[in-house]
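Trainee: Have a look at this prediction, sequence included:
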Amino acid sequence: FFLFFLLSFSVARPLAAEEIWLKDISLKELRNLYHQCGYEGIRGYLMLPSYKYPKIFLKNFPTDYNQLSDETERNAIFIKILAPLALKLNQDLLTERTEIETVSKRFAETSKLSDNDKAFIEAKAVKYDIFTRLKGFERYHHLIAELLNRADRIPPSIMITAAALETNWGTSRIVREGNSLYKTLVWHTDKGLKPIGETTDNSYRIKTYPDIYASMQEFALKINTHPSFAALRNFRRERRERTNNISGLILAPY
């Protein structure tokens, strides 16, 4: 039920307040802060689109999060921690997309790009893992089109649901010790968390992050670049062109 409800949850508007970044906060402190901001939620666990989200961003889960024995409250806290981060992620993605659209409009009008625009597009192409041997006009026509297919929003519900599945609602070791929400693996390195009890293969580690937002950012980039998610990106583009309705329930099958 929690996961289905998450996927029906779409983007809401955050409060127009300054961002607050917190680290190593206790559950009691977090509950008090949420209460002061009116961040209570329907049924105690989920803020719906008609509500506003406070810009309260946690760098890691509460120090005593795993002491929560009430599953309903634990899941509620998990969602309420990640929802503002997922909304911020989407704001950042849409800001980046707007910048690309601005360059695209200039290119459509003049069929040319300034040196600064070329450098901008080339840098974004590297970030979004786009490669082409084309040159000149054809090159930038291809890069811009592909960037607009990749640099786009991802429903917060998908980001939160995937994190819930990968971390058992934030209780797993990879979150406590590595701020990892999606269990990204790195190979042939000693950097990261050594797997425990899951394999005898010693050639990989579980990637760690400075904070949980960095983990969310990398997973979003994976969705927007990896071949495995090409069908999702293509369907998202079609939805944007037809209705602009890009929800978690619609994209989840992809």
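Mentor: Ah, there it is. Numbering: from 1, shown residues only.

Trainee: Give me the residue ranges of the stretch 151-254 of the chain where confidence is low.
Mentor: Judged by pLDDT under 70, the stretch 151-254 of the chain has its weakly predicted residues at 199-200.

Trainee: Using the three-state scheme, assign residue 197.
Mentor: In three-state terms, and counting by DSSP: H, G, I helix; E, B strand; the rest coil, residue 197 is coil.

Trainee: ok, now which ones touch it?
Mentor: Residues counted as contacts of residue 197 (CB atoms under 8 Å, 6 or more residues apart in numbering): none. C-beta here means a position set from N, CA and C on the backbone, and glycine is covered the same way.

Trainee: Look at the closest residue to residue 146 other than its chain neighbours and give its secondary structure.
Mentor: Using CB to CB, 6 or more residues apart in numbering and skipping residues adjacent in sequence, the residue nearest residue 146 is residue 130, 4.8 Å away. Recorded secondary structure, residue 130: coil (three-state DSSP).

Trainee: what's the answer for the one 3 residues further on, then?
Mentor: Per three-state DSSP, the secondary structure class of residue 133 is coil.

Trainee: Angles on the backbone of it, please.
Mentor: Main-chain torsions, residue 133, degrees, to the nearest 10: phi -100, psi 0.

Trainee: Same question for residue 58.
Mentor: Torsion angles, degrees, to the nearest 10, at residue 58: phi -90, psi 140.

Trainee: my guess is it meets residue 83, correct?
Mentor: No: Residue 58 sits out of contact with residue 83 when judged by CB atoms under 8 Å, with a separation of 11.1 Å.
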